[in-house]
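Trainee: Below: sequence and its predicted model.
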Amino acid sequence: MEGHQKLLDTRVLIVEDEYLIMDEIRRIVEAAGGIVVGAHGNLDDDVFERSAISSDIAMLDINIRGKMSYPLADVLWARGVPFMFATGYDFDGIPEKFSSVPRLLKPFDAHELVNALADTRVRASRAG
C-alpha cells in the first residue's frame, strides 16, 4: 500500500458498529503502521474512559447502534484528541460546533482512510 507507514506508531481509536467495516479499518490502520488502541462497536464506558485517553487520534462513525457519537466527540475535544467523523449518511445533521471536524463519507478506500487520518493528525498538531 502506498504510504504504508503514514500512521507509524499513531495510536488510533475506532468506533464503528458494523463489525466487518471496523475490522477492515483496523487492518488498514495497522498496515499503515498505526496501533489500534480500541475498536468499539458501541458507546460503552470503556470507550470514554480508557480508549479515549490512550489514543492519538480517533475515527467515529456518527450513528452507533442508534446512538449519536457526539458525546464521545465532546470528550475527545475536551481532552485535545483529534478525531474525524465517518458516515454513510450526509453531513447535514452534524452539530455546528463540530463543523471544522474532518469527515469521511462511506464507502471509502484504504488510501482515502489513511490520508484522512494522517491529515487530521497533522492539522491538529499544527493548530495545537
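Mentor: Thanks, I have the structure now. Bear in mind that the values here come from a model prediction, so they are computed numbers and not experimental data. Numbers count the residues shown, from 1 in each chain.
Trainee: what's the one helix or strand residue 58 maps to in contact with?
Mentor: Here residue 58 sits within strand 57-61, counting by DSSP states H and E. By C-beta atoms under 8 Å, 6 or more residues apart in numbering, the residues outside strand 57-61 that reach it are 10-18, 25, 52, 69, 72-73, 76, 81-87, 104, 113, 117, 120-121, 124. C-betas here are computed from N, CA, C, even on glycine.
Trainee: Given it, what are its sheet partners and their directions?
Mentor: strand 11-15 (parallel), strand 83-87 (parallel) (DSSP bridges).
Trainee: Could you export stretch 58-68 as PDB, CA atoms only?
Mentor: Presented in PDB, the C-alpha positions along stretch 58-68 are these (Å, rounded to 0.1, in the frame of the first residue of the first chain):
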ATOM      1  CA  ALA A  58     -10.000   8.700  16.700                       C
ATOM      2  CA  MET A  59     -12.300   7.800  13.900                       C
ATOM      3  CA  LEU A  60     -16.000   7.900  14.900                       C
ATOM      4  CA  ASP A  61     -19.000   6.600  13.000                       C
ATOM      5  CA  ILE A  62     -21.700   9.100  13.700                       C
ATOM      6  CA  ASN A  63     -24.500   6.700  14.400                       C
ATOM      7  CA  ILE A  64     -23.600   3.800  16.600                       C
ATOM      8  CA  ARG A  65     -26.500   1.400  17.000                       C
ATOM      9  CA  GLY A  66     -29.000   4.200  17.000                       C
ATOM     10  CA  LYS A  67     -26.900   6.500  19.400                       C
ATOM     11  CA  MET A  68     -25.100   9.500  18.100                       C
END
